[in-house]
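> what follows is a predicted structure for the sequence shown.
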Amino acid sequence: IGFFYWNNRLASALEILMAMAEDSLSELVRTNLRRFSETLDTVEKSLKPVVELVQDEEEMEKMPAADKARAHIALSYAANSLFYLYLKTQGMDPSQHPVREELERVKKAFIRLSKATNADAEVKAEFASKSKLNMEAGARVIAANIDGDKGLKRSIKDAGKSNQKRKKSKKRKSS
């Protein structure tokens, strides 16, 4: 996967810089290079489970679509960020390279995913608040479809009516 390739290339470039830095660069620069290298190792360790998850097709099939998309977007962003950093270590200007456009595209994809998942949650909440069961109407429908037993029909209708009365009295008490 591209993430590990660029992470290894970046690590190699850092090793070369650190070897060159032994004699010619200040202690501050050498310290910063070591910190950067350690941070890169931490990033690799942090992202390794995500990479392994994405490579496991069976696990990915079990995941909801939004989680799959988040995992792919995170890896894409990480790989492109590493390539961006690699270009910097090679003395190139990454702001003029197509990787910058790719990073922007991935950011926009993440924003769209966030908006979609938030909108989905809002729609579910709105539906839940609007979908209330009308017990009296339900009891009438059930009673109308029961053949024969008039006593059962009457008890179902009465149950629907008494449930509605309880709800109305609760509303009055809470007001």
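Looks like it came in fine.
> okay, now Y84: neighbour count?
Around Y84 there are 19 other residues, counting by other C-beta atoms under 10 Å. No exception for glycine: its C-beta is placed from N, CA and C like everyone else's.
> any idea which element it lies in?
According to DSSP states H and E, Y84 maps onto helix 65-89.
> shaky segments in the protein?
Low-confidence segments of the chain (pLDDT under 70): 1-8, 10, 14, 16-25, 127-140, 143, 145, 147-153, 156-157, 159-175.
> elements contacting the lengthiest helix in the chain?
Longest helix in the chain, counting residues (DSSP state H): helix 98-130. Helices and strands in packing contact with helix 98-130 are listed as helix 65-89; criterion 3 or more C-beta pairs under 8 Å, 6 or more residues apart in numbering; DSSP states H and E.
> can you get me a residue count around the closest residue to K88 other than its chain neighbours?
Closest residue to K88 apart from its sequence neighbours, by C-beta to C-beta, 6 or more residues apart in numbering: P94 at 5.9 Å. Other residues near P94 come to 18 when the count uses other C-beta under 10 Å.
> re earlier: could you check the angle helix 65-89 makes with the longest helix of the chain?
With axes from the mean of the first three to the mean of the last three C-alpha atoms, to 10 degrees as the criterion, the two stretches helix 98-130 and helix 65-89 enclose an angle of 160 degrees.
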